[in-house]
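Trainee: With the input below, show me the fold.
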Amino acid sequence: MNIIEFFKNLFFPPKVPFYGIIDKYITPIYDFKEVVASANVPTFNGVNGDGSIRKFPYQYQDGSSSCVAFTCSKIATVLYYLLKGVIVKFSPGFFYVQRSNKPQGGMHINDIVKIASTKGCLIGDLMPSEGISESQINALEIEQYQFDSADAFKLPDAWVELPLNFDIIASTIEATKKPIMVWFAFGPAELFGTIFPRILNNGNDRRHSMTLVDTSRNYNNSLVIEDSADKETWYQKFVDRTFFKKCILARYPINFKFAIGQTEIIYTGTIASLQDILRSEGFFPTNIQSTGVFGAITKESLAKFQKAHGISPALGVFGPITKAYLLANYK
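Mentor: Okay, here's the model as predicted:
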């Protein structure tokens, strides 16, 4: 590169196709690591265990840079289905218009976690935002009734980060049945326009967020991913071990906070009942049984619970103030 090209690239960098990811290197957004199914060998027989493949409604971002918002709305859809057995589409636009970097395109993962945990998830029919352009989705406005409606569907602010290991991620989704946000870096023609992403050795200048929904024995034991940036014909993709090397992030939320109402949980004075309460509010992992043992995970979960409710100056200490609160509110 000569001196002219150097300064040209310095002040006028070449444009890189952009699909909505702001960054990879982010601050932690959870206080503990959930125990995952890393010890299990994935079967690639699907979440249902019978070889069938889960498929959720198609959502299309139509060229906007809202892939992180679309991924989170799909995650909310799948989690609600696991809880209630009903498919509900949530609005990506509700997340996207509240991002901190607006009007710039894309989202930080910290942003999506904060919005989904404090503002909630809005039912899609209350703010249609599929198949519209960047300017159109930016022009959406949120009214108070929409905030009120979204408040009932909050995700927790505790997201689990998975190691970028193909078998661990496959095993985790098979064991927990939970959707996983996955980010990929890839080159031209490697991801879009096909259901079989492939490495063509043409760089990693694209960044894109999608939703992992299942595993499949078909196509060399693959991860089944749903994409909001491709046409409906290709929105469900099969990622094999080779293309998975392009994955740069994998995270999922522990649980819906409203999964179990307070009235359904009773504090009996035991550590196991404490763990049930922590799980019901989204602070304790859902794929760990209530063991009755007050270990590191329970302590850190309790600290988040205490901080959220403002009930103890000594976070993580299971003392009389916390016990009195539980006795008064979970009886």
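Trainee: Per the annotation, how does this protein divide into domains?
Mentor: Following automatic domain parsing, one finds the domains of the chain at 17-32+42-253, 262-329.
Trainee: R251 versus L212, what's the distance?
Mentor: Distance, L212 to R251, using Cβ to Cβ, to the nearest Å: 10 Å. (Glycine included, C-beta is placed from N, CA and C.)
Trainee: And the two? Which one has more around it.
Mentor: L212 (27 against 18; other Cβ atoms under 10 Å).
Trainee: Helices of the chain, start to end?
Mentor: Assigned by DSSP state H, the chain shows helices spanning 3-11, 67-84, 92-96, 109-118, 134-138, 144-150, 166-176, 218-221, 241-244, 271-280, 296-309, 320-329.
Trainee: re the thing from before, can you list residues touching both of L212 and R251?
Mentor: 180-181 (Cβ atoms under 8 Å, 6 or more residues apart in numbering).
Trainee: Now for the protein, the helix or strand with the poorest mean pLDDT.
Mentor: Lowest by mean pLDDT, DSSP states H and E among the helices and strands of the chain is helix 3-11, with a mean of 49.
Trainee: And stretch 120-135, how far out from the chain middle?
Mentor: Chain-centre distance of stretch 120-135: 18 Å, with Cα atoms, centre = their mean, to the nearest Å.
Trainee: Report the buried residues of that stretch.
Mentor: 120-124, 127, 129-130, 132, 134 (16 or more other Cβ atoms under 10 Å).
Trainee: thought T172 was touching L162?
Mentor: Yes - at 6.1 Å, T172 counts as touching L162 under the criterion of Cβ atoms under 8 Å.
Trainee: re the thing from before, looking at the domains of the chain, which is buried most?
Mentor: Of all the domains of the chain, domain 17-32+42-253 has the most neighbours on average by mean count of other Cβ atoms under 10 Å, namely a mean of 19.
Trainee: what separates the spatially closest residue to L315 that is not a sequence neighbour from I311, distance-wise?
Mentor: Nearest residue to L315, sequence neighbours excluded (Cβ to Cβ, 6 or more residues apart in numbering): A303, at 4.0 Å. Here the criterion is Cβ to Cβ. By it, A303 lies 11 Å from I311.
Trainee: what's near enough to touch the nearest residue to V239 once chain neighbours are set aside?
Mentor: Closest residue in space to V239, ignoring its immediate chain neighbours: L223 at 4.5 Å, by Cβ to Cβ, 6+ apart. For L223, the contacting residues are 166, 169-170, 173, 182, 212, 214-216, 238-239, 244, by Cβ under 8 Å, 6+ apart.
Trainee: Pairing partners for the lengthiest strand in the chain, with directions?
Mentor: Longest strand of the chain, by residue count under DSSP state E: strand 206-216. Sheet pairing here is set by DSSP bridges, and for strand 206-216 it gives strand 180-186 (antiparallel), strand 222-226 (antiparallel).
Trainee: Turn these into a markdown table, including mean pLDDT and distance to F147.
Mentor: A markdown table is the format used below for the strands paired with strand 206-216 (pLDDT from 0 to 100; distance: least, Cβ to Cβ, whole Å):
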| stretch | mean pLDDT | distance to F147 |
| --- | --- | --- |
| strand 180-186 | 95 | 24 |
| strand 222-226 | 98 | 27 |
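Trainee: Of all the ones you listed, which one is nearest S52?
Mentor: With Cβ to Cβ as the measure, strand 222-226 is the member of the strands paired with strand 206-216 nearest S52 (10.7 Å).
Trainee: got the angle between the closest one and helix 166-176?
Mentor: 70 degrees (axes from the mean of the first three to the mean of the last three Cα atoms, to 10 degrees).
Trainee: Convert the C-alpha atoms of strand 222-226 to CSV, please.
Mentor: This file holds the C-alpha atoms of strand 222-226, laid out as CSV (Å, rounded to 0.1, in the frame of the first residue of the first chain):
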residue,chain,number,x,y,z
SER,A,222,-26.1,-29.7,12.0
LEU,A,223,-27.4,-26.8,14.1
VAL,A,224,-30.7,-25.4,12.8
ILE,A,225,-30.7,-21.6,12.7
GLU,A,226,-33.4,-19.2,11.7
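Trainee: I180 versus I265, what's the distance?
Mentor: I265 is 27 Å from I180, where distance means Cβ to Cβ.
Trainee: which stretches of this protein aren't confidently modelled?
Mentor: Counting by pLDDT under 70, the chain contains low-confidence ranges at 1-19, 23-39, 255-264, 286-287.
Trainee: try it again with 50
Mentor: By pLDDT under 50, the low-scoring segments of the chain are 1, 5-16, 25-38, 257-263.
Trainee: Could you work out the end-to-end span of stretch 109-128 for me?
Mentor: Criterion Cα to Cα, to the nearest Å; first-to-last residue distance in stretch 109-128 is 22 Å.
Trainee: What lies in contact with it?
Mentor: Contacts of stretch 109-128 (Cβ under 8 Å, 6+ apart): 23, 26-27, 29, 68-69, 72-73, 76, 88-91, 93-95, 98-101, 130, 140, 142, 146-147, 149-157, 159, 181, 249, 251, 253.
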